[in-house]
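K.L.:
Okay, here's the prediction I keep looking at, along with the sequence it came from:
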Amino acid sequence: MTTPNTRVVLARRPDGEATPDCFEVRTELPGELAPDQVRVAVEYVSVDAGTRTMLRGEGFHQQVGIGDTILAGGVGRITQSRAEGWPVGQAVRGGLGVQTLADVSTRQLEKIDADGLPLSVYLGALGASTGVTAWIGVREVARPGPGDTFVVSAAAGAVGSMAGQLAKQDGARVIGIAGGPRKSAYLLTELGFDGAIDYKHEDVGARLRELAPDGVNVFFDNVGGDILDAVLDNLAMRARVVICGAISQYDHMDRVTGPAMYLRLAERQSKMEGFAFFHFPELIGPATEDLTRQLKAGTLVLNEEILEGIERFPEALQFMFRGGNLGKLLVKTSAVAPPS
Ligand code: NAP
């Protein structure tokens, strides 16, 4: 008996928040595999802030059409193969989409040698849009060092929590900005950050003046908007502002609010620079190697939050945009994979 595929598709383009009614769940029998294709039973789907920017119909990222499967990275195992060298049972990672079964060309896939690590880690701490992004952003773009005060926003999220830990390893004093007391406590007690600011209950500018009286040397920004302005207003001389993302703007990308405080860059002889991890393809290998080594040694951690059931992806995305997740957010399918 053929197993059906359950997938989440875009039903209508969100206007503002991407609420669950923008999506539809469809269950259909899969077609025939084409030559060079494999069928992957998806086990985990990555929930990423950037997904929201793919639902608009135009933009920097690849876009999802109405009725199309939501684009997302995933990991799983091959259940059927028409590609030589890609056996049934092989663990793979790639753009599998928000679905339980993905029929994909092997050109879109990467084999995973799980090597004792759980598959979910290949989307989180070792994922291109998570651990690797944080590594490239910190080690190549921001380059914090001893004597620097390093501030990171969305600090308890996937990219932010890894970026802060890497900056700390590099000798910086690390202050995380995140929403709510649970997240502040996590940054201080679990991740060993030197300071935490709860932007939902505290005045970010005032707290920065307390925690970083000599100014912020490096800001790794995941949020944009008011938080970016508050940090710009507190820059040290010759500071670096790294734009990794701007989640506060993703629900209204046609009306992005730019930084009102950008003249501080001139006044403090500072720089602002953006990046995307895929601008540095040559660093993905070294980043993955270092992150793998550190995960095994326990010198880096990334909390995972997992919602079970592919149909919960819309709920997961909303959960993230409302600040629910601590660390990496994933959806686990209930697909049954063959033994490896
Ligand atoms: P995440 O940080 O795990 O989750 C997003 C977090 O953002 C939420 O938990 C929430 O935490 C915070 N947030 C949501 N709406 C907010 C708002 N309006 N104002 C302030 N904070 C808000 O997500 P992620 O996937 O790791 O992405 C983090 C950032 O990295 C995003 O900006 C994303 O676009 C960027 N990114 C960049 C690259 C690149 O190559 N440059 C690659 C991947 C991701 P709070 O509770 O703290 O509000």
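P.N.:
Received the coordinates, thanks. Residues are numbered from 1 along each chain as shown.
K.L.:
Please enumerate the strands of the stretch 151-300 of the chain.
P.N.:
Assigned by DSSP state E, counting those that start in this stretch, the stretch 151-300 of the chain shows strands spanning 173-178, 195-198, 216-221, 235-243, 271-274.
K.L.:
In a markdown table: the ones you listed, plus distance to residue 33 and mean neighbour count.
P.N.:
C-beta here means a position set from N, CA and C on the backbone, and glycine is covered the same way. Shown next, in a markdown table, are these (distance: least, Cβ to Cβ, whole Å; neighbours: other Cβ atoms under 10 Å):
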| stretch | distance to residue 33 | mean neighbour count |
| --- | --- | --- |
| strand 173-178 | 44 | 26 |
| strand 195-198 | 50 | 23 |
| strand 216-221 | 43 | 26 |
| strand 235-243 | 41 | 20 |
| strand 271-274 | 40 | 13 |
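K.L.:
which one of these lies closest to the ligand?
P.N.:
With Cβ to the nearest ligand atom, the closest approach to the ligand among the strands of the stretch 151-300 of the chain belongs to strand 173-178: 3.7 Å.
K.L.:
what helices or strands is the closest one leaning on?
P.N.:
The elements that strand 173-178 packs onto, with contact taken as 3 or more Cβ pairs under 8 Å, 6 or more residues apart in numbering; DSSP states H and E, are strand 149-153, helix 158-169, strand 195-198, helix 204-211.
K.L.:
can you tell which of the strands of the stretch 151-300 of the chain is closest to residue 62?
P.N.:
strand 271-274 (18.5 Å; Cβ to Cβ).
K.L.:
Paired strands for the closest one, with orientation please.
P.N.:
Note on strand 271-274: by DSSP bridges, its sheet partners are strand 235-243 (parallel).
K.L.:
give me the number of residues near the closest residue to residue 224 other than its chain neighbours?
P.N.:
Spatial nearest neighbour of residue 224, chain neighbours left out: residue 246 (2.9 Å); criterion: Cβ to Cβ, 6 or more residues apart in numbering. Look at residue 246: counted by other Cβ atoms under 10 Å, it has 24 neighbours.
K.L.:
Now do the same contact list for residue 246.
P.N.:
221, 222, 223, 224, 225, 228, 256 (Cβ atoms under 8 Å, 6 or more residues apart in numbering).
K.L.:
Which positions in this structure make contact with the ligand?
P.N.:
Residues of the chain lying near the ligand by Cβ under 6 Å from any ligand atom: 48-50, 129-130, 133, 154, 156-160, 178-180, 183, 222-223, 244-248, 275-277, 320-321, 323, 325, 329.
K.L.:
Just the buried ones among these, please.
P.N.:
48-50, 129-130, 133, 154, 156-160, 178-180, 183, 222-223, 244-248, 275-277, 320-321, 323, 325, 329 (16 or more other Cβ atoms under 10 Å).
K.L.:
measure the closest residue to residue 261 other than its chain neighbours to residue 240 for me?
P.N.:
Spatially, and ignoring its direct neighbours in sequence, residue 261 is nearest to residue 232 (3.8 Å; Cβ to Cβ, 6+ apart). To residue 240, residue 232 is 12 Å away according to Cβ to Cβ, to the nearest Å.
K.L.:
what residues do those two have in common as contacts?
P.N.:
Joint contacts of residue 232 and residue 240 (Cβ under 8 Å, 6+ apart) are residue 219.
K.L.:
quick one: low-confidence parts of this structure?
P.N.:
Residues of the chain meeting the criterion pLDDT under 70: 335-340.
K.L.:
Give the buried residues for the longest helix along it.
P.N.:
Looking across the chain with DSSP state H, the single longest helix is helix 281-297. Using 16+ other Cβ under 10 Å as the test for burial, helix 281-297 gives 284, 287, 288, 290, 291, 292, 294, 295.
K.L.:
Not counting its neighbours along the chain, what's nearest the second one?
P.N.:
Using Cβ to Cβ, 6+ apart and skipping the chain neighbours, the partner closest in space to residue 287 is residue 135 (3.9 Å).
K.L.:
Go ahead and report the secondary structure state at that neighbour.
P.N.:
Three-state call for residue 135 (DSSP: H, G, I helix; E, B strand; the rest coil): helix.
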